[in-house]
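K.L.:
show me how the following folds:
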Amino acid sequence: MKTMQQWPVATAKAKFSELLEQAKSHGPQTVTRHGRPTIVVVSVEDWNAKAQRAKSLAEFINDSPLRGSGVKLRRITGAFRKTEL
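P.N.:
Numbering: from 1, shown residues only. Have a look, this model is predicted:
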């Protein structure tokens, strides 16, 4: 598993090229400000892998292991719940 290295913002600015190389070769890199994680730098490959949607909701439901299991679902009918806006 890839480990996230932490870079104080001043170091990240001074060694930006190295930060980019580390993100590309070793995975996401965290930049901290005052000791707190502020941003994460990731490679385009990692970003695209995470941003890509695996399947649509219809495909997810269609592929459900409960499909065809005989489970009976029924819709609850009746008065709507009153809310104040």
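
K.L.:
from residue 84, how far out is residue 54?
P.N.:
Per Cβ to Cβ, to the nearest Å, residue 54 is found 39 Å from residue 84. Just so you know, the C-beta spots here come from the backbone N, C-alpha and C atoms, and that holds for glycine as well.

K.L.:
give me the more crowded residue out of these two.
P.N.:
Taking other Cβ atoms under 10 Å, residue 54 and residue 84 do not tie; residue 54 has more neighbours (6 against 3).

K.L.:
pull up the per-residue confidence for that one.
P.N.:
pLDDT, residue 54: 79.

K.L.:
repeat that for residue 9.
P.N.:
You'll see residue 9 listed with a pLDDT of 97.

K.L.:
where in this structure is pLDDT low?
P.N.:
Within the chain, the ranges that satisfy pLDDT under 70 run 1-3.

K.L.:
so what's the backbone phi/psi at the residue most central in space within the chain?
P.N.:
Centroid check for the chain by Cα atoms, centre = their mean gives residue 50 as the closest residue, at 6.1 Å. Reported as degrees, to the nearest 10, the phi and psi values for residue 50 are phi -80, psi -30.
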